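> the following block contains a protein sequence and its predicted model.
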Amino acid sequence: MSETNRRKFLAAAGIGTAAGTVGLVAGGSPARATPHPERAKEPLLALVEDHRGSEVRLLVGEREVVVQDRDLVTRLLNAAGGR
């Protein structure tokens, strides 16, 4: 699936709310994160395909960034709840 088609599909499926979830998760951690001058300034979508894994795909503007962070996966899944 091309990048453009995948983004359109995700937006149509209502997964764009994940960007808001990432903001809530970052703000809800015990140690507050300090904004980095080089942080993303575009819409961001986080995708966790395997709830048992540690991979998070971040779709930032036209880029895709893959992060291996089990703690982030856990925090995203907890923020999303059991719905």
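All right, it came through fine.
> the helices in this protein, which residues?
With DSSP state H as the criterion, the chain has helices at 3-12, 18-28, 70-80.
> by mean pLDDT, show me the worst of the ones you listed.
Lowest mean pLDDT within the helices of the chain: helix 18-28, at a mean of 49.
> please report how far residue 54 lies from residue 71.
Note on residue 54: its distance to residue 71, by C-beta to C-beta, to the nearest Å, is 8 Å. Any C-beta I mention is one placed from the backbone N, CA and C, and that applies to glycine too.
> correct me, but residue 49 touches residue 57?
Yes: with contacts counted by C-beta atoms under 8 Å, residue 49 reaches residue 57, the gap being 7.3 Å.
> higher neighbour count, those two?
residue 57 (13 against 8; other C-beta atoms under 10 Å).
> skipping adjacent residues, who's closest to the more buried one in space?
residue 47 (4.3 Å; C-beta to C-beta, 6 or more residues apart in numbering).
> wait, that neighbour touches residue 56, no?
Yes: Residue 47 lies in contact with residue 56 (C-beta under 8 Å); the separation is 7.1 Å.
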